[in-house]
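Enquirer: Any chance you could fold what I've pasted below:
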Amino acid sequence: MRFAIAIVAALSAANVASGFVVTAPQSLARSQRIENNNSGLGATAVVAAAVNGGSDGAVETAAPNSSAEVDRAIRLKVNEKARTVFSVSTSGTLCTKSSHEGIEGSPFGSFVDYVLDDDGCPVLLMNDMSMHTVNVQNDPDGMISLFAQLGRGSEGQDSSRCSITGKLQKISDDDEAMDAIRMRYSITHTYADQVMDSPRFDFYRLEPTRVHFVGGFGVLAKWVPVDEYKEATPDILAKDAPDIISKLNREHTDDLALTAAHLLDCQDVERIRVTAVDRLGVDIRVTKKGPRVNKLVTDEFRIGFRLPVISVEDAKSEILKVFQEAWEKGNGYDWGENEEPGSSVPIMKIAEDALG
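Expert: Next comes the predicted model:
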C-alpha cells in the first residue's frame with residue numbers, strides 16, 4: 001500500500017508577478033509533481049505527492065496535517081530562526097529618528113555592537129555623544145529598530161535577517177543583570193573594558209515590541225510574536241553553519257549535482273548551492289533551464305536529517321549519507337524490497353520560481 005500527501009498551493013497573481021514565491025510545504029520524497037497552469041485563477045497550482053513503499057500504483061491521500069508534521073520535523077520554527085540570527089550576530093544597524101536640524105524626523109541608521117540578555121533582548125553600550133544616543137534622548141518614548149543578519153557563508157540576499165522594533169531603556173547600575181551584561185559584553189567586544197566604566201557610556205536594553213524575520217530572497221518573511229522569540233533557543237549549529245555552507249558549495253559540487261538529479265528530480269541544472277544548514281537539515285537552491293527559451297527558473301528545497309543533530313560532526317555525517325544515497329540511486333543500486341536509495345530522506349520544496 002502507498003500513502004501519499006497531496007498539497008495544493010494557489011499562488012496569487014501578485015506573487016506570480018514577483019517571480020519567486022513561497023509555496024506551501026511540499027513533501028517530495030519519491031515525489032510526483034504536477035504543475036497545472038490555471039489562467040482562470042491567474043495562478044499556478046502545484047501538487048506534490050509524497051509516496052512511501054509499495055509498487056502497485058495505488059495512491060491514498062494522507063491526513064491533512066501530515067505535511068505540517070513533516071514541516072515541523074525538518075525545519076526550524078520561525079521564532080528559533082529569528083533568535084538564531086540575533087544570537088550569532090553581534091552587531092547590526094540601529095535606526096533612530098533624527099533630531100538633527102534640517103532632517104528632523106527622518107530615519108537615521110548607525111552601526112552598533114550588542115549582546116543579548118537571557119530573554120534575547122539586545123543590549124547596547126552607547127556613548128552619550130553619539131548621534132543615535134542624542135536621537136534617543138530627544139525622543140525617549142519613540143520607537144527604534146535594530147537590524148541584524150547572518151553574513152558569512154551566504155550570498156547577498158540569501159542571508160537570513162531579522163529586525164527588532166521597540167524602545168531603548170537605560171539599564172541602571174544596580175540592575176540585577178548588570179554583572180552578567182558587563183561580562184558578556186566584555187567577552188564579545190574586547191574594546192568594551194576600556195570604555196564601559198566611563199561616565200560617557202551607558203548600557204541600554206532594547207525591549208522588543210515587534211520582531212520581523214526574513215529567511216532569504218523569496219523564501220520567508222514573517223512577524224514573530226515577542227513572547228515566542230524570547231522563549232526560543234538558538235540553533236546549535238548556528239556559529240558553524242557558515243563554514244559548513246562554504247565548504248559544501250566549494251568542495252562538493254559533484255555531490256550536490258547528484259543530489260539535485262536523483263533526489264530532487266531536477267534536470268538541466270545550471271547551478272545548485274546550499275543556502276542554509278541547521279540541526280534539522282539543509283536548504284538547497286537549484287537553478288535550472290525553464291520551459292521557455294533562455295529562461296532559468298529557481299526552486300528552493302529542504303532536505304531534512306532523519307534525526308536532529310547535536311554537533312558539527314553529526315551534521316557532516318548526515319549530509320554525507322544523503323550524498324551517498326544520491327550516488328547509489330544514480331548508479332542503479334537497489335536496497336531490496338522495492339526500496340530505492342534516498343527514498344526515506346525527507347525532502348520538501350519550500351519556494352519556487354513562478355515565472356518559469
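
Enquirer: Name the residues of stretch 179-199 that are buried.
Expert: Residues of stretch 179-199 classed as buried: 181-182, 184-185, 189, 192, 196 (neighbour count, 16 or more other C-beta atoms under 10 Å). For every residue, glycine as well, the C-beta is placed using N, CA and C.

Enquirer: want to throw these into JSON lines with pLDDT?
Expert: Output for the buried residues of stretch 179-199, formatted as JSON lines (pLDDT from 0 to 100):
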{"residue": "Ile181", "pLDDT": "93"}
{"residue": "Arg182", "pLDDT": "93"}
{"residue": "Arg184", "pLDDT": "94"}
{"residue": "Tyr185", "pLDDT": "94"}
{"residue": "His189", "pLDDT": "94"}
{"residue": "Ala192", "pLDDT": "90"}
{"residue": "Met196", "pLDDT": "88"}
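
Enquirer: just those now: which is nearest Gly92?
Expert: Nearest to Gly92 among the buried residues of stretch 179-199: His189, at 13.0 Å, using C-beta to C-beta.

Enquirer: Report the contact partners of the nearest residue to the closest one once chain neighbours are set aside.
Expert: Using C-beta to C-beta, 6 or more residues apart in numbering and skipping residues adjacent in sequence, the residue nearest His189 is Asp113, 5.1 Å away. By C-beta atoms under 8 Å, 6 or more residues apart in numbering, the residues touching Asp113 are 90-91, 124-125, 188-189.

Enquirer: give me that answer again for 10 Å
Expert: Applying C-beta atoms under 10 Å, 6 or more residues apart in numbering, we find Asp113 in contact with 89-92, 94, 122-126, 185, 188-189, 191-192.

Enquirer: Kindly report the same for Asp193.
Expert: Counted by C-beta under 10 Å, 6+ apart, Asp193 has contacts 182, 185-187.

Enquirer: from those, which is closest to Lys222?
Expert: Using C-beta to C-beta, the contacts of Asp193 come closest to Lys222 at Tyr185, 29.9 Å.

Enquirer: Next, the residue nearest to His189: phi, psi?
Expert: Main-chain torsions, Asp113, degrees, to the nearest 10: phi -100, psi 160.

Enquirer: Can you tell me who it pairs with across the strands?
Expert: Ser91 (DSSP bridges).

Enquirer: Check the one 10 residues further on too.
Expert: Counting by DSSP bridges, Val123 is bridged to Val115, Arg205.

Enquirer: Hmm, it is touching Arg205, no?
Expert: Yes: taking contacts as C-beta atoms under 10 Å, Val123 lies within contact range of Arg205: 5.3 Å.

Enquirer: Identify the contacts common to these two.
Expert: 114, 117, 168, 171, 177, 181.

Enquirer: just the helices in the stretch 201-350 of the chain please.
Expert: 226-231, 241-251, 253-262, 312-330 (DSSP state H, counting those that start in this stretch).

Enquirer: Lowest mean pLDDT among the helices and strands, pick that one out for this protein.
Expert: strand 43-49 (a mean of 26; mean pLDDT, DSSP states H and E).

Enquirer: from the contacts of Asp113, which is closest to Asn135?
Expert: Leu94 (9.4 Å).

Enquirer: quick one, phi psi at that closest one?
Expert: phi -100, psi 130.

Enquirer: show me the residues around it that make contact.
Expert: 108-114, 122, 124, 126, 130, 132-133, 135-136, 144-147, 168, 204, 206.

Enquirer: One more pass at 6 Å, please.
Expert: 110, 112, 132, 146 (C-beta atoms under 6 Å, 6 or more residues apart in numbering).

Enquirer: try Asp255
Expert: Per C-beta under 6 Å, 6+ apart, neighbours of Asp255: Phe323.

Enquirer: how far away is it from Lys321?
Expert: Using C-beta to C-beta, to the nearest Å, we find Asp255 at a distance of 11 Å from Lys321.

Enquirer: Show me the residue sitting in the middle of the chain in space.
Expert: Gly215 (3.8 Å; C-alpha atoms, centre = their mean).

Enquirer: Surely that residue and Cys162 touch.
Expert: No: with contact defined as C-beta atoms under 6 Å, Gly215 does not count as touching Cys162 (9.7 Å).

Enquirer: Tell me which entries of the contacts of Leu94 lie within strands.
Expert: Secondary structure assignment by DSSP state E places 110, 112, 146 of the contacts of Leu94 in strands.

Enquirer: separation between the first one and Phe147?
Expert: Looking back up the chat, that one is Ser110. 11 Å.

Enquirer: now swap in Val309 and tell me
Expert: 29 Å.

Enquirer: Neighbour count for these two, which is higher?
Expert: The neighbour comparison of Val309 against Phe147 (other C-beta atoms under 10 Å) goes to Val309, with 21 against 17.

Enquirer: neighbours around the closest residue to that one other than its chain neighbours, how many?
Expert: Among residues not flanking Val309 along the chain, Ala315 sits closest, at 4.6 Å (C-beta to C-beta, 6+ apart). A total of 24 residues lie near Ala315 under the criterion other C-beta under 10 Å.

Enquirer: any idea how far Ala315 lies from Asp175?
Expert: 38 Å.

Enquirer: Tell me who's in contact with the residue nearest to the centre of the chain.
Expert: Per C-beta under 6 Å, 6+ apart, neighbours of Gly215: Ser160.

Enquirer: Which pLDDT value belongs to it?
Expert: Gly215 is assigned a predicted lDDT (pLDDT) of 83.

Enquirer: What of Asp227?
Expert: 96.

Enquirer: any idea how far Val115 is from it?
Expert: 21 Å.

Enquirer: When these two are compared, which one has more neighbours?
Expert: Between Asp227 and Val115, counted using other C-beta under 10 Å, the more crowded position is Val115 (24 against 11).
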